[in-house]
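Engineer: Structure of the sequence below:
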Amino acid sequence: MKILSMTTGSIGTNCYLLYDEDTKDAVVIDPSDDAGPLAAQIEKLELRVQAILLTHGHYDHGGDVDRIRTRSGCPVYLHPADLTLPAQWRGGLANTADLSDGMVLPLLGTEFRVLHTPGHTPGSVCFLCGELLFSGDTLFAGSCGRTDLPGGSGADILRSLRRLAELPGNYTVCPGHGELSTLDEERQSNFYITQAMRQK
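Structural biologist: Model (predicted):
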């Protein structure tokens, strides 16, 4: 499985394109509010998108999702709690397939496991795939997502960060914004995870 990361959209969202070079099947995580560069890569590589996975419902992560969905006809997965977000924040997202905690999506010959991690939004999720943790705006390198927007909760995000910190083993953290990290590095140096662990 190949992984292509690109930063696109109005506030620099990390979009991830995962694909199988042999079958040409692909999965998109968070296409942002400008999926033009992503669509160009999909066309260049002659990929068939099987699913679009959204870590949460904010417009900067999924506002341009229909540019990919209309080309492929694939499902768009979102936790239903984020359909309650005000329309100006979720960018008109609709007609999504529901994600739930513990759900396993078999895609690209592997599994994407869903972790419900509310706090940044009520429906924020992370995706575990092999040694990768796609953390959206729940966990960043050295930080975490803001909780002062509609639906945010400081108490919830600390519980979610503690859950991530307690995952067994190490993972490469692929966040919604900023640089990649590792879960071990965040356990050791992320102030917010340290705070979350103190609240046990």
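
Engineer: Which stretches in the chain count as strands?
Structural biologist: Counting by DSSP state E, the chain has strands at residues 2-8, 13-19, 25-29, 48-53, 76-78, 97-98, 104-107, 110-116, 125-129, 132-136, 139-140, 143-144, 172-175, 181-182.

Engineer: hey, C-alpha coordinates of the longest helix anywhere in the chain in PDB?
Structural biologist: Secondary structure assigned by DSSP state H gives helix 154-165 as the longest helix of the chain. Presented in PDB, the C-alpha positions along helix 154-165 are these (Å, rounded to 0.1, in the frame of the first residue of the first chain):
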ATOM      1  CA  GLY A 154     -12.000  20.300  26.800                       C
ATOM      2  CA  ALA A 155     -13.000  17.500  29.100                       C
ATOM      3  CA  ASP A 156     -13.800  15.200  26.200                       C
ATOM      4  CA  ILE A 157     -10.600  15.800  24.300                       C
ATOM      5  CA  LEU A 158      -8.600  15.000  27.400                       C
ATOM      6  CA  ARG A 159     -10.400  11.700  27.700                       C
ATOM      7  CA  SER A 160      -9.800  11.100  24.000                       C
ATOM      8  CA  LEU A 161      -6.100  11.900  24.300                       C
ATOM      9  CA  ARG A 162      -5.800   9.600  27.300                       C
ATOM     10  CA  ARG A 163      -7.400   6.800  25.200                       C
ATOM     11  CA  LEU A 164      -4.800   7.400  22.400                       C
ATOM     12  CA  ALA A 165      -1.900   7.400  24.900                       C
END
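
Engineer: what packs against that helix?
Structural biologist: Contacts defined by 3 or more CB pairs under 8 Å, 6 or more residues apart in numbering; DSSP states H and E place helix 154-165 against helix 183-189, helix 191-198. Using the backbone N, CA and C atoms, a C-beta is placed for each residue, glycine as well.

Engineer: Please name whichever of those helices is nearest to Pro150.
Structural biologist: helix 191-198 (20.6 Å; CB to CB).

Engineer: Return the angle between stretch directions for that closest one and helix 154-165.
Structural biologist: 90 degrees (axes from the mean of the first three to the mean of the last three CA atoms, to 10 degrees).

Engineer: which residues does the nearest residue to Gly102 once chain neighbours are set aside contact?
Structural biologist: Nearest residue to Gly102, sequence neighbours excluded (CB to CB, 6 or more residues apart in numbering): Val114, at 6.6 Å. By CB atoms under 8 Å, 6 or more residues apart in numbering, the residues touching Val114 are 99-105, 125-127.

Engineer: No further questions, thank you.
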